[in-house]
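A.B. asks: Attaching a predicted model along with its sequence, questions to come.
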Amino acid sequence: MKRIQTIVIGAGQAGLAMSHCLSERGIAHVVVERGEVANSWRHERWDSLRLLTPNWQSRLPGFAYAGPDPDGFMSLPQVVRHLSDYARASRAPVEERTRVTSVTIDGGGYRVATDRGDWACRSLVIASGACNLASVPACAAGLPDGIAQLTPLEYRGPAQLAAGGVLIVGASATGVQLAAEIRAAGHAVTLAAGEHVRMPRHYRGRDIQWWMDRAGIHDAGHDAVDDPERVRRLPSAQLAGTSERRFFDLNSLQDAGVEIVGRLSAIRDGQALFSGALANCCALSDLKMNRLLATLDEWAERAQPEGLQSIERFAPTRVPNPPRLTQDLTRGKFRTVIWATGFRPDHGWLHAPVFDRKGRLAHREGVVAPGLYALGLPFLRRRNSALIDGVGADAAHLADHIAGTRGRLAA
Amino acid sequence: MTFETKISGTPVDNGVDTASLIGARAAFEQAPEAASFTFRSSCDWITGTQNRNTLNGYFGLGQEHARKQTFTIASDHPEVFHAADTAPTPPEILLSALASCLTGGLAAVAQHRGIKLHAARAIVEGDIDVRGILGMDPDIRNGFSAIRVRFEISADASDAEIAALVAQSQKRSAVFDMLTNPTNVVVEVA
């Protein structure tokens, strides 16, 4: 069995940022990766996906975008190239094609079993991603035979869908992007929308991410919100990685001919039942967007950045009245259902009493247990903890923690 | 990504003990089983469409509770249905339950957000085509086809803040949830 001070699981942006910060502090480590660098970006995303953050914002510790289009949005091959370049530039000690099969507590450290041998380490950083598994509601079991079901992890593009109608469940960034793309490919599309986060791509002439960055909203930590757990549960904002269209919201989808219905509440006797609370979900989302815009305007009033266009407000979300509440699923309206109902990490290989009642990894700002850390999860420490741009600050924080406890653990 | 509603530390009093409610949240975090409540009502037939509900005991916080007084809710049907009209119809009681739930929630959310409520009234309407309950047309449902609630609110808050209170009261309402999402209902004979 090989021994090393620190093991990092996963060579995506989080694991690579962690490796960079550990190297800076002279902490011996290895990054074990089930596939290749940026594996999820290579194999577990749909073809048209682009980053929701502009190129300039793909900042990592000791690394930044240096290409000709800082305001563009990386395609998946470009993300893979960006992260591969980062791994090379920081000489990350990545052990590729090494899948972790189990992690157990071992004396004062951890034993990491892989399909290419076992390791023992003093400290372990879980950087294996926040979106390994697609969350599918229990009612999926009631879907009649003959309707294909897909999760976004399996979806690549409209070409793989049977001709006919598509029900997309969930109105996060994933749901609205898939709805727009599949509708544009000629399918009848129905989108079931529960609570969602409406947001313009650009505002007063600047990208929304410029605002979030400059106004300090991304940096907000736990002390800035009353319930971090609630923020963790929020769906991603209705954005796409393109500046060509301002909105990927329910209005723009309705303009394109997508039918909007409420949250899928149940499937009963072959009938899909949609919530009658759609109007309130839209009202909540519009109010929330306007509060955000008002906050950005207040910041601009104080900070006086140059070149801003004038203050704007947007038309409220149009709600079908009455919205469809039921749909007979046995009549062929939908040939495919796509569950855009969120993702969760896969920690099935971690055998330690570190999970909360709902099976989620319990941690305090990334510290799970003595010597055990997590990185790259939603609102780990800040709002942008799960973004490429936010993972670096968290990695530095954890690397400091590891450096600070190294002597004590070894003693 | 989103933006937070402002939780004010300003002490306002809408008559809601928000401190205790927030304390209860912390307690249920530790002991989630205590949060399982069962509410009951027993309904006695009197005559015709007249009947009366009696409500007292409930289960919660791990034990049975008895109230200091027993409440009653009577129901009947109006004269156009050839009934005695001694009490509201069950669908009207449902409308009032929705209004009560949203109005109570409104006060609690307002206090949590530091907003003093001076007056609030919810006017509720439900549309029903009675050919449904008479079994005349299978395409007509028995229940309300639409319910509308109109709030009249006077509070120390902007229009947007008041709209946010109303939206949040729906988001956290038990009755609103039961009316907008299906609930499994089991009826049996003892």
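C.D. replies: Ah, there it is. Numbers count the residues shown, from 1 in each chain, chains lettered A, B, ... in the order given.
A.B. asks: could you say which helix or strand contains the closest residue to residue B:172 other than its chain neighbours?
C.D. replies: Spatially, and ignoring its direct neighbours in sequence, residue B:172 is nearest to residue B:105 (5.6 Å; CB to CB, 6 or more residues apart in numbering or on different chains). Glycine gets a C-beta too; all of them are placed from N, C-alpha and C. Assigned by DSSP states H and E, residue B:105 belongs to helix B:90-112.
A.B. asks: helix or strand right after that helix?
C.D. replies: Next along from helix B:90-112, by DSSP H and E: strand B:117-127.
A.B. asks: Check which helices and strands that next one sits against.
C.D. replies: Contacts defined by 3 or more CB pairs under 8 Å, 6 or more residues apart in numbering or on different chains; DSSP states H and E place strand B:117-127 against helix B:90-112, strand B:146-155.
A.B. asks: strands paired with it, and their directions?
C.D. replies: Using DSSP bridges, strand B:117-127 pairs in its sheet with strand B:146-155 (antiparallel).
A.B. asks: now the helices for the stretch 51-200 of chain A?
C.D. replies: Applying DSSP state H, counting those that start in this stretch to the stretch 51-200 of chain A gives helices spanning A:76-89, A:173-184.
A.B. asks: my bad, chain B
C.D. replies: Remark: helices assigned in chain B by DSSP state H are B:18-30, B:90-112, B:159-171, B:174-180.
A.B. asks: Give me the contact list for the second one.
C.D. replies: Applying CB atoms under 8 Å, 6 or more residues apart in numbering or on different chains, the set of residues contacting helix B:90-112 from outside is B:7, B:12-16, B:18, B:21, B:73, B:75, B:88, B:116-117, B:120, B:122-126, B:128, B:143-144, B:147, B:149, B:151, B:153, B:155, B:157, B:165-166, B:168-170, B:172-176, B:179.
A.B. asks: Let me know the average pLDDT across it.
C.D. replies: Mean per-residue pLDDT for helix B:90-112: 97.
A.B. asks: Chain B versus residue A:81, what's the distance?
C.D. replies: Taking CB to the nearest CB, to the nearest Å as the criterion, residue A:81 is separated from chain B by 26 Å.
A.B. asks: With residue A:223 instead?
C.D. replies: Distance from residue A:223 to chain B, by CB to the nearest CB: 12 Å.
A.B. asks: and that residue, what pLDDT?
C.D. replies: At residue A:223, pLDDT is 80.
A.B. asks: give the contact list for residue A:321.
C.D. replies: residue A:279.
A.B. asks: Just say helix, strand or coil for it.
C.D. replies: coil (DSSP: H, G, I helix; E, B strand; the rest coil).
A.B. asks: Quick one: residues contacting residue A:141.
C.D. replies: Counted by CB under 8 Å, 6+ apart, residue A:141 has zero contacts.
A.B. asks: still on that earlier bit, among the helices and strands packed on strand B:117-127, which is nearest residue A:391?
C.D. replies: Among the helices and strands packed on strand B:117-127, helix B:90-112 comes nearest to residue A:391, with 33.3 Å by CB to CB.
A.B. asks: ok, back up a step: how about the helices and strands packed on strand B:117-127, which one is nearest residue A:316?
C.D. replies: strand B:146-155 (17.3 Å).
A.B. asks: which parts of the closest one are buried?
C.D. replies: B:147, B:149, B:151, B:153, B:155 (16 or more other CB atoms under 10 Å in any protein chain shown).
A.B. asks: What is the nearest of the residues you listed to chain A?
C.D. replies: residue B:147 (8.5 Å; CB to the nearest CB).
A.B. asks: Near the residue nearest to that closest one when sequence neighbours are not counted, how many residues? Count them for me, please.
C.D. replies: Nearest residue to residue B:147, sequence neighbours excluded (CB to CB, 6+ apart): residue B:126, at 4.7 Å. Neighbours of residue B:126 under the rule other CB atoms under 10 Å in any protein chain shown: 17.
A.B. asks: Was I right to think residue B:126 contacts residue B:89?
C.D. replies: No: taking CB atoms under 8 Å as the definition, residue B:126 is not a contact partner of residue B:89, at 10.3 Å.
A.B. asks: how close does residue A:293 sit to residue A:217?
C.D. replies: According to CB to CB, to the nearest Å, residue A:293 and residue A:217 sit 12 Å apart.
A.B. asks: now do residue A:145
C.D. replies: Residue A:145 is 46 Å from residue A:217, by CB to CB.
A.B. asks: for the helix or strand of chain B with the lowest mean pLDDT, packing partners?
C.D. replies: Here the helix or strand of chain B ranked lowest by mean pLDDT, DSSP states H and E is helix B:18-30, holding a mean of 85. When contacts are defined as 3+ CB pairs under 8 Å, 6+ apart, helix B:18-30 sits against helix B:90-112.
A.B. asks: how about the helix it packs on: buried residues?
C.D. replies: Using 16+ other CB under 10 Å as the test for burial, helix B:90-112 gives B:91, B:94-95, B:97-99, B:101-103, B:105-112.
A.B. asks: ditto for stretch A:290-305
C.D. replies: For stretch A:290-305, by 16+ other CB under 10 Å, it's A:290, A:291, A:292, A:293, A:296, A:297, A:299, A:300.
A.B. asks: about what we covered before: okay, the buried residues of strand B:146-155 in a markdown table with pLDDT next?
C.D. replies: What follows is the buried residues of strand B:146-155, written out as a markdown table (pLDDT from 0 to 100):
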| residue | pLDDT |
| --- | --- |
| B:147 | 97 |
| B:149 | 98 |
| B:151 | 98 |
| B:153 | 98 |
| B:155 | 96 |
